[in-house]
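A.B. asks: Everything below, folded, please.
(one chain, ligands or ions: 2)
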Amino acid sequence: MQSKERDTFPTYLQTVHKGCQLLLYCSIPTPVINNNTWKGSPSLLATQTRSQLSGMGRLQKILIPFLGLVLAFWFYSARETFKPEMLKGKRVIVTGASTGIGEEMAYHLARMGSHILITARTESKLQKVVERCRELGAASAQYISGTMEDMAFAEHVVKEAQTSLGGLDMLILNHVGTSYFGYFDGDVGHIRKLLEINFLSYVAMTVSALPMLKESEGSIVVVSSMAGKVGFPFTVPYSATKFALDGFFSSLRQEFHIQNINVSITLCILGFIDTERALHAAADVLLVPAAPRAECALEILKGGALRYRELYYRYGSTRLPLLLRDCAAELLESMVRSRYRLDRIGSGQRRQSPADGAAGSPHR
Ligand SMILES: NC(=O)C1=CN([C@@H]2O[C@H](COP(=O)(O)OP(=O)(O)OC[C@H]3O[C@@H](n4cnc5c(N)ncnc54)[C@H](OP(=O)(O)O)[C@@H]3O)[C@@H](O)[C@H]2O)C=CC1
Ligand SMILES: CC(C)CCC[C@@H](C)[C@H]1CC[C@H]2[C@@H]3C(=O)C=C4C[C@@H](O)CC[C@]4(C)[C@H]3CC[C@]12C
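C.D. replies: Ligands and ions are numbered 1, 2, ... in the order given. Model prediction:
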């Protein structure tokens, strides 16, 4: 089964089952034995009570699962399911869309007929993605190239949605600066730079986009990672930026509820995905299979359109280990370590390459 926090059928069913059991126990009339009033034989009382209870037991065995199923069916049928039309004609910004998951999201949105504004640093790649989006049926497609190290650029991208699309329905924050996959090297400057790209620019874009999103009652989709929920080795700077996203956006979501602001925030918790950069960085070291990026991209869009609070992809390999985090953290940590080929962790670490796109005017 794929993703979706609320899609926890077995857990949900268990809760329903326990709830029904509790209700049933409360409603069973317990025989009151009062030494002063009981006139019959004690063995008769025991037989009657036993047969009464075994009848109840049988009733429970049939009734509880039945009630659970009825409730679960009601719960699921009352929920909306995703339809591609939900994103037709919607105005969407996708950051980090020149490659990887962002590029795949742009193609899915194009097939669904959205208005797409994409961004990243590399202009030549963005151009190709935009062309392909037009071929696939996007209502409109345009790009702006620039670096998210620069907060003015981050804000500029959002303003462009206002000027050229007349508003915004969905802001997909997906870009990520290049880091290294290896032991923490103590470089504080690198952490500061990565926080700017992976965290502060997300905040800056959210702040700029909020008036438009309030107007459209739109959505913010934040692409994060399991490494933003649990400590994994060899991703120290990256992990710090992803934990920061959880703190900021989960807290903001609470304030939206209190203030009746109808803008959804979907935090996406991804496992290992088969993008070029991720495979290049970590495939040799990890004993974990990488999930397909196109499927991952579609699940993220579904989660955003259905306004989930959190989305897990793939569900089994992300949600279930995370359940362990709160009750058996050390077990989870040792499980994680056992999935690494530690002998293959090199000392050579890949660093951020210079940007080949410049902040500037939009290209349609
Ligand atoms: N792949 C994986 O295994 C996992 C990925 N994720 C998350 O999914 C998201 C997408 O990851 P993935 O597709 O693998 O990433 P990629 O490395 O394939 O793509 C990253 C994108 O961000 C852009 N980018 C990089 N640096 C900057 C910058 N300074 N300013 C603006 N844009 C920049 C890149 O384009 P350009 O270089 O042209 O600027 C590219 O478009 C990320 O948020 C990542 O954390 C989460 C868990 C696992
Ligand atoms: C229950 C567990 C065994 C599951 C393990 C999942 C682990 C191995 C997954 C979860 C999140 C993943 C990292 C991630 O989020 C993003 C990137 C950036 C990319 O450019 C290089 C790869 C990297 C570091 C991924 C490496 C693999 C990670 C740690």
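
A.B. asks: Output the below-cut-off pLDDT ranges for the stretch 1-150 of the chain.
C.D. replies: Within the stretch 1-150 of the chain, the stretches with pLDDT under 70 are 1-59, 70-78.

A.B. asks: Please repeat the previous calculation with a cut-off of 80.
C.D. replies: Low-confidence segments of the stretch 1-150 of the chain (pLDDT under 80): 1-79.

A.B. asks: So which residues of it form helices?
C.D. replies: 9-27, 42-78, 100-112, 123-136 (DSSP state H, counting those that start in this stretch).

A.B. asks: In space, what's closest to the closest residue to ligand 2 within the stretch 1-150 of the chain - neighbours in sequence excluded?
C.D. replies: At 8.5 Å from ligand 2, G100 is the closest residue in the stretch 1-150 of the chain, using CB to the nearest ligand atom. Yep, even glycine has a C-beta here, placed from its N, CA and C like the rest. The shortest distance from G100 to any residue that is not its chain neighbour, by CB to CB, 6 or more residues apart in numbering, is 3.7 Å, and that residue is T275.

A.B. asks: can you check F248 too?
C.D. replies: The nearest residue in space to F248 (CB to CB, 6+ apart) is V203, at 6.2 Å.

A.B. asks: pLDDT score assigned to that neighbour?
C.D. replies: Per-residue confidence (pLDDT) for V203: 99.

A.B. asks: Where does it fall, secondary structure wise?
C.D. replies: Per DSSP states H and E: V203 is located in helix 201-216.

A.B. asks: In terms of secondary structure, what does that helix contact?
C.D. replies: Helix 201-216 makes packing contacts with strand 91-95, helix 151-160, strand 170-173, strand 219-225, helix 236-258 when contacts are defined by 3 or more CB pairs under 8 Å, 6 or more residues apart in numbering; DSSP states H and E.

A.B. asks: what about 6 Å?
C.D. replies: Here helix 201-216 touches helix 151-160, going by 3 or more CB pairs under 6 Å, 6 or more residues apart in numbering; DSSP states H and E.

A.B. asks: show me the contacts for F249.
C.D. replies: By CB atoms under 6 Å, 6 or more residues apart in numbering, the residues touching F249 are 222, 265, 267.

A.B. asks: In three-state terms, label the second one for me.
C.D. replies: Under the three-state scheme (DSSP: H, G, I helix; E, B strand; the rest coil), I265 adopts strand.

A.B. asks: That one and I220 touch, don't they?
C.D. replies: Yes. Using CB atoms under 6 Å, I265 is in contact with I220, at 4.9 Å.

A.B. asks: So for those two, which sits in the more crowded spot?
C.D. replies: More crowded of I265 and I220, by other CB atoms under 10 Å: I220, with 25 against 22.

A.B. asks: The more buried one bridge partners, please.
C.D. replies: L171, I265 (DSSP bridges).

A.B. asks: Let me see the confidence value for it.
C.D. replies: pLDDT, I220: 99.

A.B. asks: how near is it to ligand 1?
C.D. replies: 14 Å (CB to the nearest ligand atom, to the nearest Å).

A.B. asks: what's the answer for V285, then?
C.D. replies: From V285 across to ligand 1, the span is 12 Å (CB to the nearest ligand atom).
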